[in-house]
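In: Here is a sequence with its predicted model. Questions after.
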Amino acid sequence: MVLKKIYTLVFLRNEKKILLGLKKRGFGINKWNGFGGKVEQNESVIEAAIREMKEECCVTVKKDDLKSVGQLEFTFEGDPVMMDVRVFSGVVYYGTPTETEEMAPKWFTYDSIPFDDMWPDDRLWFPYMLNNKLFYGKFHYKDLDTISNYDIRELKSMDSFYASREQNISPKEKN
Ligand SMILES: Nc1[nH]c(=O)nc2c1ncn2[C@H]1C[C@H](O)[C@@H](COP(=O)(O)OP(=O)(O)OP(=O)(O)O)O1
């Protein structure tokens, strides 16, 4: 059996910019990323995405304003737990992105995304997201800085992609 933990990752965007946050503690510290974290028991993926946005940058997003745009799976050498990351994108939000103990938010123009200070996988799958393509990516890390192999593909629909894997996920994990 593959052990996995489900995470959320949310990117607010507009025509010119994307909101990233500098992670101030824990996993991925000092890297720029979207906002998100572990899906807790008794919440759906989308509920977790909304909660993490509020906790990490004080912004309110509504369920219908978040679009499921991708899934990323990460495994690490010697670690039996797969990270299953559900990626969302949104334009509409309420409030002002504000620094918290976990994240320092900042808007970046699309040509100034700081890939050198992000997870190495980001420069591989961001082009899909930025071009409004749905995607699935699978990455195996040799260590926290080094991808040993990966595969990315474009998807036609997130719903049908998740439906095809339904037998492997519990109802709570669906969005
Ligand atoms: N290789 C990777 N590339 C990427 O772009 N995002 C990644 C990634 N590996 C993890 N992430 C994201 C997923 C998730 O949004 C975040 C990790 O979540 P955290 O560990 O911060 O979870 P929590 O906020 O629940 O943690 P704690 O509250 O500190 O327990 O980093």
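Out: That came in fine, so what should we check first?

In: got the CA positions of the least confident helix or strand in the chain by mean pLDDT in CSV?
Out: Every helix and strand in the chain was compared by mean pLDDT, DSSP states H and E; the lowest is helix 158-164, with a mean of 94. The C-alpha trace of helix 158-164 is given here as CSV (Å, rounded to 0.1, in the frame of the first residue of the first chain):
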residue,chain,number,x,y,z
MET,A,158,-9.4,17.3,-13.5
ASP,A,159,-12.8,15.7,-12.8
SER,A,160,-12.3,12.9,-15.1
PHE,A,161,-8.7,12.5,-14.1
TYR,A,162,-9.7,12.1,-10.4
ALA,A,163,-12.7,10.0,-11.3
SER,A,164,-10.4,7.5,-13.1
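
In: so what does it touch, helix or strand wise?
Out: For helix 158-164, the elements it packs on are strand 66-76, strand 134-143, judged by 3 or more C-beta pairs under 8 Å, 6 or more residues apart in numbering; DSSP states H and E. In this view, the C-beta of every residue, glycine as well, is placed from N, C-alpha and C.

In: Of all the residues in stretch 3-18, which ones are buried?
Out: Lys4, Ile6, Tyr7, Thr8, Leu9, Val10, Phe11, Leu12, Arg13, Ile18 (16 or more other C-beta atoms under 10 Å).

In: Out of those residues, list just those in strands.
Out: Counting by DSSP state E, the part of the buried residues of stretch 3-18 found in strands is Lys4, Ile6, Tyr7, Thr8, Leu9, Val10, Phe11, Leu12, Ile18.

In: Please produce a markdown table containing the helices and strands packed on helix 158-164, extended by mean neighbour count.
Out: Formatted as a markdown table, the helices and strands packed on helix 158-164 follow (neighbours: other C-beta atoms under 10 Å):
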| stretch | mean neighbour count |
| --- | --- |
| strand 66-76 | 20 |
| strand 134-143 | 18 |
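
In: Measure how the longest helix seen in the chain sits relative to strand 3-12, angle-wise.
Out: Counting residues, the longest helix found in the chain (DSSP state H) is helix 45-57. Counting by axes from the mean of the first three to the mean of the last three C-alpha atoms, to 10 degrees, helix 45-57 lies at 60 degrees to strand 3-12.
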